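[1] Below are the sequence and a predicted model; questions follow.
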Amino acid sequence: MDKLLIPFLFLSLSAYAIRIDYLGNDGNLLVTWEIPTTYENGDQLPFNNIGGYALFWSDQPDGEGVRINIDKHLTQYTLTNVPEGDNYFAMLTYDQNGTDGNLSDVVYYNFDINQISA
């Protein structure tokens with residue numbers, strides 16, 4: 001299974017990792033992450049302050065891409081029919097008012113069905 005780690009940021013949240021796993025069927029990828037619990041300064045982050053997550057996916061490193069808003073109660077999301085070739089991912093957390101936090105670093109993922117072993 002092919003795996004990537006993506007640093008994930010929120011306004012002043014500590015960085016943590018997102019994981020991407022190939023599901024072994026028709027270009028489906030599973031994105032998983034942990035719900036942030038602290039701000040960068042170490043203070044507790046109340047769960048109620050989180051509005052949700054936004055996953056960005058593009059075939060260009062500087063491209064607009066697709067924004068997928070994800071419920072704050074979820075810790076995984078399945079991307080279906082990911083095209084072979086270059087794919088770029090980033091994520092952010094937004095607050096309950098819909099204000100976006102900082103975007104994570106953009107992560108490159110070359111998806112080649114012929115080079116992945118299940």
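    That came in fine, so what should we check first?

[2] separation between the residue sitting nearest the centre point of the chain and Asp26?
    By Cα atoms, centre = their mean, the chain has its centre lying nearest to Met91, at 4.2 Å. Relative to Asp26, Met91 is positioned 23 Å away (Cβ to Cβ, to the nearest Å). C-beta coordinates here come from the backbone N, C-alpha and C atoms, glycine included.

[3] likewise Asp71?
    24 Å.

[4] can you check Gln60 too?
    Taking Cβ to Cβ, one finds Gln60 at 23 Å from Asp26.

[5] For the strand or helix carrying Tyr109, list every residue counted as buried.
    Using DSSP states H and E, Tyr109 sits in strand 107-111. Across strand 107-111, burial judged by 16 or more other Cβ atoms under 10 Å covers 107, 109, 111.

[6] coming back round to it: can you tell me the helix or strand for the residue nearest to the centre of the chain?
    strand 85-95.

[7] list the contacts for the nearest residue to Gly98 once chain neighbours are set aside?
    Excluding the flanking residues, the one nearest Gly98 by Cβ to Cβ, 6 or more residues apart in numbering is Gly51, at 6.1 Å. By Cβ atoms under 8 Å, 6 or more residues apart in numbering, the contact set of Gly51 is 72, 93-98.

[8] switch to 6 Å and redo it
    Contact partners of Gly51, counting by Cβ atoms under 6 Å, 6 or more residues apart in numbering, are 94-96.

[9] For those residues, pick the one with the most neighbours.
    Among those, Tyr94 has the most neighbours (other Cβ atoms under 10 Å), with 18 neighbours.

[10] That one bridge partners, please.
    Note on Tyr94: beta-bridge partners Gly52, Asp100, judged by DSSP bridges.

[11] Give me the distance between it and Leu74.
    For Tyr94, the distance to Leu74 - Cβ to Cβ - is 14 Å.

[12] what's the answer for Tyr88, then?
    22 Å.

[13] So for these two, which residue has more residues nearby?
    Tyr88 (17 against 12).

[14] Looking at that one now. What's its pLDDT?
    pLDDT, Tyr88: 87.

[15] show me what contacts it?
    Neighbour list for Tyr88: 58, 61, 106, 108 [criterion: Cβ under 6 Å, 6+ apart].
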